[in-house]
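S.K.: quick one: sequence and predicted model below, then my questions.
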Amino acid sequence: APQQMHIDRAAQLPLYNLPFAAEITGPFDTSAAEAAFVDVLVRHRSLRTIYPDSPWGPRQVVVDDPARLQSVLGITAFDPRAVDEVLAAAFDVRGELPIRATLFEKAPGIHLVVCSVHHIAADGWSLRLLAQDFTVAYRARASGRAPGWPKMPLQYTDFSIWAAQRPGSPDLDFWSREFEGLAFDTAVETDRPRSSSWDVTGDRIDLQLAVDITDGLDRVARANETGRFTVLRAGLLVLLARATGTSDLVIGTPIAGRRDPELETIVGTFVNTVAIRSDIAAAATFEDVIAIAHASKVRALDHSDVPFETVAAHIDPGPHLGRHPLFQVALSLDVFTDSHFDIGATHVDITPRPLDIAKCDLHFHLVERRDAVGRTIGMDVGIVYPTALFDRGTVQSLGELYEQILRRMITGPGEPWSTAASILQLV
């Protein structure tokens, strides 16, 4: 699929790892777990596809060898270093299956399943599907039967064929017009000079937005007939305008890419990154910034089927000299529902284990926390940054200032956004 074409199949760094872990407390049938894991691999063809070279370029080979599938889930005694190896070791999907997992016995009655999936085979949406299907398969295998789930109506290969045949030139024409005259190297001032090559070594600072902020963001969003994410992006535009001294800004945003409901049950990589340009020079108030952010988002999403790498190669081919193509700041929003559940007398606690890989100057990861019934109980803000460019204290200050801007937007959405200057003197 086009979403896979620009992925480095032999990356020496874990740039494409999607890692998570599940702690299991109580009675646990390891044989049933092994069988259930194979059931999930058989059900989702993308998890057992390798991508070897050929004279005509990469090709897809689906692995059906039962012995090879059964060997994916290893079982061993607990070792923290081995946990890190499962999560952070790079994949070479030219010959290696794009998923690895190990079941560790931490103590009697306590197990830890650690898993990493390569992005060529899955995206963040897919991880929820994997957890659901593994639970169904484990219940069945623990009862001595095969899972009785319905046949998959589509596989990722079906989407691949359709996506590869879709013409992309109209979208590229739009992006050429959209980014005309833009300086792609606009960035927040760094603590150290850039080198000519990019260093992905990163770190993360974490903040928490209380529920009163998320409720306030929702009120502002409803009043402006838009969504919470647009208000969050508008707040980041204000921060970046003051931090960079320019009003013409680009923020990169990952999108799910599953426009058709039939794609919602497929494990595969559908996600795309969209670079959204917003010029807030004409905005007088916070509400004006929100309106511009909304319009630019709608405009960009209407042309978001073409892969980001294709857009970048077309209008910002480089050389990039130690910067990210098109944008230097990214903003993403994920929803994390309480992933605690019981299988009989066994309790399962699933947690993401993100790797702090810096792919651009600043990536604001917003994670909306919900309880088991879906109520929002707060929001986490994690900012990943390259340690080669920024000190931790600088990024911590930016995060705190972002929170202050959001509060100012909530209490005075009709105020001039330039009043944010009074709280941004530290930038």
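M.R.: Arrived safely.
S.K.: for the rest of this, base every contact and every neighbour count on C-alpha atoms.
M.R.: Fine.
S.K.: so what's residue 396 closest to, chain neighbours aside?
M.R.: residue 205 (6.3 Å; CA to CA, 6 or more residues apart in numbering).
S.K.: for the one you found, which three-state class applies?
M.R.: Three-state assignment for residue 205 (DSSP: H, G, I helix; E, B strand; the rest coil): strand.
S.K.: for it, give me its contacts.
M.R.: Listed by CA atoms under 8 Å, 6 or more residues apart in numbering, the contact set of residue 205 reads 382, 383, 384, 392, 395, 396.
S.K.: in three-state terms, label the last one for me.
M.R.: For residue 396, the reduced secondary structure class is helix; criterion used: three-state DSSP.
S.K.: is the residue nearest to residue 396 in a bridge, and if so with what?
M.R.: residue 383 (DSSP bridges).
S.K.: that one and residue 254, how far apart?
M.R.: 20 Å (CA to CA, to the nearest Å).
S.K.: and if you look at residue 38?
M.R.: Going from residue 38 to residue 254 by CA to CA gives 30 Å.
S.K.: and for residue 113?
M.R.: Taking CA to CA, one finds residue 113 at 28 Å from residue 254.
S.K.: how about residue 186?
M.R.: 20 Å.
S.K.: out of those two, which sits in the busier spot?
M.R.: residue 186 (19 against 16; other CA atoms under 10 Å).
S.K.: mind listing what that one touches?
M.R.: Residue 186 touches 244, 249, 327, 328, counting by CA under 8 Å, 6+ apart.
S.K.: what about the residues you listed, which are in helices?
M.R.: residue 244 (DSSP state H).
S.K.: closest to residue 225 out of the contacts of residue 186?
M.R.: residue 249 (22.5 Å; CA to CA).
S.K.: list the contacts of that closest one.
M.R.: Counted by CA under 8 Å, 6+ apart, residue 249 has contacts 186, 237, 240, 241, 277, 278, 279.
S.K.: buried subset of those?
M.R.: 186, 237, 240, 241, 277, 278, 279 (16 or more other CA atoms under 10 Å).
S.K.: which ones among those lie within strands?
M.R.: 277, 278, 279 (DSSP state E).
S.K.: not counting sequence-adjacent ones, nearest residue to the first one?
M.R.: If the residues on either side of it in the chain are set aside, residue 277 comes closest to residue 250, at 4.3 Å by CA to CA, 6+ apart.
S.K.: am I right that residue 342 falls within a helix?
M.R.: No: Residue 342 is assigned strand when assessed by three-state DSSP, not a helix.
S.K.: what score does it have for pLDDT?
M.R.: Residue 342 is assigned a pLDDT of 85 by the prediction.
S.K.: also the one 10 residues further on?
M.R.: As predicted, residue 352 sits at a pLDDT of 85.
S.K.: just want the phi and psi numbers for it.
M.R.: phi -70, psi 150 (degrees, to the nearest 10).
S.K.: so for stretch 255-268, what gets flagged as buried?
M.R.: Buried-residue list, stretch 255-268, by 16+ other CA under 10 Å: 257, 258, 263, 264, 265, 266, 267, 268.
S.K.: skipping its backbone neighbours, what lies nearest the residue most central in space within the chain in space?
M.R.: Taking CA atoms, centre = their mean as the criterion, residue 124 is the residue nearest the geometric centre of the chain, at 5.9 Å. Take residue 124 and drop its neighbours on the chain: the residue closest to it by CA to CA, 6+ apart is residue 18, 7.4 Å away.
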